[in-house]
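Asks: Return a 3D structure for these sequence lines:
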Amino acid sequence: MTNWEIPKENSIDALRHGIQFSDGVEFDLRMDGEGELVIFHDEFISGNAPIKDRCIEVLSTSELKSSGIAEFEELLADKRFTEEWQEEGKTVDIEVKLPHPMSKIDTDEHLIQIMKKIRTKIADLDLPTRSTLVTSFSPRIGQAAKRSGVEIPVSRLVPHIRAWGRYWRVKRTVAIPNFARTSFQGSTKALRAEGMESIGMALEYLVGWTRWVGPRLPVGLSGRSLERLQRARRGMGVFVWPAPLRYEDSLIGAGVSLVSDEMNPNVYVKPDGSPRWPRPGSQPLDKEWIDRLNSASVPEYPELIREAAKTLPTWSELSNANREKIVLDHAKRMFWPGNALKWVPESGEGLPWGSPRILGHRGAGKTHSS
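Replies: Prediction:
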């Protein structure tokens with residue numbers, strides 16, 4: 001076992017690690033003052049100048065690079081990253097961040113320009129259909145995507161967290177009313193009406209007392225709550241954050257995708273003592289490997305998991321019959337609407353959005369509290 005030090009979030013190193021270790025990555029994208037796309041979470045860089053002078057959207061690319069912020073083009077030039085994205089069944093979730101209100105930038109036009117720039121940047125990669133998802137907390141993302149004419153799938157994140165507030169706790173506090181008046185059922189219905197195939201949501205909608213706060217009967221990860229979840233989503237993808245290890249099996253079993261901060265390659269065992277497999281979507285375990293891992297002792301996990309990583313086929317390497325078997329199982333178990341066979345012809349372009357994945361949050365996990 002080698003020591004592992006988490007790389008800086010949203011860095012090229014973090015994103016390369018995340019896409020190789022798990023089923024893909026989630027990262028934050030902004031457009032700077034020169035119209036270039038940069039990978040960064042916060043609305044502004046640190047410093048003593050007024051906030052409006054430190055907003056990402058008003059600063060030059062060179063200023064941001066000097067602060068250690070990576071350009072989207074740098075990531076696309078990294079072959080180890082793009083090959084995983086193109087060939088290994090990996091998913092890239094691009095969260096488009098909104099400018100701070102002090103920047104006085106029109107939200108719709110900003111989103112439209114970012115969508116167009118993303119399309120242009122990735123056009124030459126010839127990516128599988130279900131390999132890329134653009135998400136945003138903005139309720140305008142659906143309309144902006146339609147106006148842009150870009151066909152990359154988009155989704156909205158709930159609850160609505162606004163693009164202002166110096167501290168994450170402040171943002172979460174402001175989001176509480178939105179959380180309290182929304183439900184999973186209502187949100188999925190609204191997003192489906194906008195043509196979206198996925199929803200990104202806080203874990204609090206699914207676990208703990210918070211799931212009882214909304215106006216509808218709660219959804220969850222077991223029993224009738226799980227059935228309500230499946231009936232409401234009707235095959236939609238569900239991407240949840242945070243995703244602690246203790247919930248990983250329940251989330252994956254429910255067909256929910258995880259945006260996880262646990263990307264440590266030396267973690268082979270979950271809190272309940274079971275083995276941890278980080279690629280259920282892009283390199284699914286077959287029955288033989290499930291049985292081998294379940295019958296092994298904890299000290300045997302590392303060697304077995306390394307062996308599985310070397311020998312198991314990736315999603316793109318699976319036979320059509322095996323891909324179809326996996327998709328049919330998901331469709332039947334999660335109550336996807338209509339004849340389950342209708343989902344099968346799409347399997348060659350990647351897992352349906354309703355199938356579970358583990359994505360590295362900001363690449364290899366967040367490294368600051370925002």
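Asks: what's the neighbour count on residue 215?
Replies: Here the number of neighbours of residue 215 (other C-beta atoms under 10 Å) works out to 10. Yep, even glycine has a C-beta here, placed from its N, CA and C like the rest.
Asks: I'd guess it is in a helix, am I close?
Replies: No - counting by DSSP: H, G, I helix; E, B strand; the rest coil, residue 215 is located in no helix; its state is coil.
Asks: Just give me the neighbour total for residue 51.
Replies: 15.
Asks: With the one 3 residues further on instead?
Replies: Residue 54: 20 surrounding residues under other C-beta under 10 Å.
Asks: Show the model's pLDDT score for it.
Replies: pLDDT for residue 54: 89.
Asks: Please apply the same query to the one 3 residues further on.
Replies: We note a pLDDT of 93 for residue 57 in this prediction.
Asks: List the buried residues in the longest helix along the chain.
Replies: In the chain, with assignment by DSSP state H, the single longest helix is helix 107-122. Residues 107, 110, 111, 112, 113, 114, 115, 117, 118, 119, 122 are the ones in helix 107-122 that count as buried (16 or more other C-beta atoms under 10 Å).
Asks: Please list all residues in contact with the second one.
Replies: The neighbourhood of residue 110, defined by C-beta atoms under 8 Å, 6 or more residues apart in numbering, consists of 31, 57, 98, 99.
Asks: same question, the third one
Replies: Contact criterion C-beta under 8 Å, 6+ apart gives 96, 98, 136, 138, 140, 141, 144, 145, 148 as the residues in contact with residue 111.
Asks: let's go with 10 Å and repeat that
Replies: If you count contacts by C-beta atoms under 10 Å, 6 or more residues apart in numbering, residue 111 has them with 31, 96, 98, 134, 136, 138, 140-145, 147-148, 154.
Asks: Could you do the fourth one as well?
Replies: By C-beta under 10 Å, 6+ apart, the contact set of residue 112 is 106, 140, 143, 144, 145, 146, 147, 148, 149, 150.
Asks: Could you dump the residues you listed into a markdown table with pLDDT and neighbour count added?
Replies: As requested, the contacts of residue 112 are exported to a markdown table (pLDDT from 0 to 100; neighbours: other C-beta atoms under 10 Å):
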| residue | pLDDT | neighbour count |
| --- | --- | --- |
| 106 | 89 | 10 |
| 140 | 93 | 16 |
| 143 | 95 | 14 |
| 144 | 95 | 23 |
| 145 | 95 | 24 |
| 146 | 95 | 14 |
| 147 | 96 | 14 |
| 148 | 96 | 20 |
| 149 | 96 | 10 |
| 150 | 95 | 19 |
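Asks: Let me know the closest of those residues to residue 81.
Replies: Using C-beta to C-beta, residue 150 is the member of the contacts of residue 112 that lies nearest residue 81, at 21.4 Å.
Asks: Got the phi and psi for that closest one?
Replies: Listed backbone geometry of residue 150 is phi -90, psi 130, with angles given as degrees, to the nearest 10.
Asks: cool, and residue 24?
Replies: phi 150, psi -170.
Asks: so it bridges to which residues?
Replies: In this structure, residue 24 has the following beta-bridge partners (DSSP bridges): residue 91.
Asks: Count the residues that sit near it.
Replies: Other residues near residue 24 come to 27 when the count uses other C-beta under 10 Å.
Asks: I'd like the distance between it and residue 117.
Replies: Residue 24 is 21 Å from residue 117, where distance means C-beta to C-beta, to the nearest Å.
Asks: related to what we said a few turns ago, looking at the contacts of residue 111, which are in helices?
Replies: Using DSSP H, the members of the contacts of residue 111 that fall within helices are 141, 142, 143, 144, 145, 147, 148.
Asks: who are the neighbours in contact with residue 310?
Replies: With contact taken as C-beta under 10 Å, 6+ apart, residue 310 is in contact with no other residue.
Asks: So which bits of the strand or helix carrying it are buried?
Replies: If you go by DSSP states H and E, residue 310 is part of helix 301-311. Of the residues in helix 301-311, 301, 302, 304, 305, 308 count as buried by neighbour count, 16+ other C-beta under 10 Å.
Asks: that older thread, will you turn the contacts of residue 112 into JSON lines that also has distance to residue 41?
Replies: Putting the contacts of residue 112 into JSON lines (distance: C-beta to C-beta, whole Å) gives the following:
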{"residue": "106", "distance to residue 41": "22"}
{"residue": "140", "distance to residue 41": "20"}
{"residue": "143", "distance to residue 41": "24"}
{"residue": "144", "distance to residue 41": "20"}
{"residue": "145", "distance to residue 41": "21"}
{"residue": "146", "distance to residue 41": "26"}
{"residue": "147", "distance to residue 41": "26"}
{"residue": "148", "distance to residue 41": "23"}
{"residue": "149", "distance to residue 41": "28"}
{"residue": "150", "distance to residue 41": "23"}
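Asks: residue ranges with poor pLDDT in the stretch 251-370 of the chain?
Replies: The model of the stretch 251-370 of the chain has pLDDT under 70 over residues 347-348, 369-370.
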